[in-house]
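Visitor: got a sequence here, can you build the structure:
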Amino acid sequence: QKESLISQLEKIDVKRVLETYKLTISTAAEEQGRPDPLPVVTNLKKAPDASRQEWKTKGLTLVNQGKVGYLLLAGGQGTRLGTSDPKGCYDIGLPSHKSLFQLMGERLIRLQQLAGGKGTIPWYVM
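Guide: Okay, the predicted model is just below:
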């Protein structure tokens, strides 16, 4: 296994990788620039009831139209937890023994139902 890893590492063209990385970073920076700061950031709990209701309605409408997606950055395998499964599959000791992935999936299904059940929320796990 060690020899295989060494063989793979020796085949990497480090100079080309660095040049590609530098080109990617400089091109992305030139094309995109820096994002503009948000004009307003609001604490949901401190927002007026009318604003919260408006945002909820808008959000559920977007879900119903299929314009909402969910990206979960899962953080890799749970080797430190004693498993080779992704951390999201780990039993965290809830009475239901549901994994974090199952809990999130159930929340997304419930959100789709609250929105009227027409839209589907794509779920991406990285």
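Visitor: okay, CA-based contacts and neighbour counts for the rest of this
Guide: OK.
Visitor: can you map out the strands along this protein?
Guide: Secondary structure of the chain (DSSP state E): strands located at 70-72, 123-125.
Visitor: got the buried residues for the last one?
Guide: Residues of strand 123-125 classed as buried by neighbour count (16 or more other Cα atoms under 10 Å): none.
Visitor: work out the gap between that strand and the centre of the chain.
Guide: 6 Å (Cα atoms, centre = their mean, to the nearest Å).
Visitor: neighbouring strands - and their directions - for that strand?
Guide: Paired with strand 123-125 in the same sheet, following DSSP bridges, are strand 70-72 (parallel).
Visitor: mind checking the pLDDT average for the strand it pairs with?
Guide: Averaging pLDDT along strand 70-72 yields 92.
Visitor: for stretch 106-121, same thing?
Guide: Rounded mean pLDDT across stretch 106-121 is 92.
Visitor: what do you get for stretch 25-44?
Guide: Rounded mean pLDDT across stretch 25-44 is 72.
Visitor: end to end on that stretch, go ahead and measure it.
Guide: End-to-end distance of stretch 25-44 (Cα to Cα, to the nearest Å): 35 Å.
Visitor: returning to what we had before: distance to Ser96 added to the strands of the chain, as JSON lines?
Guide: Below are those laid out as JSON lines (distance: least, Cα to Cα, whole Å):
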{"stretch": "strand 70-72", "distance to Ser96": "22"}
{"stretch": "strand 123-125", "distance to Ser96": "23"}
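Visitor: who wins for proximity to Thr83 among those?
Guide: Closest approach to Thr83 among those is made by strand 123-125 (18.3 Å; Cα to Cα).
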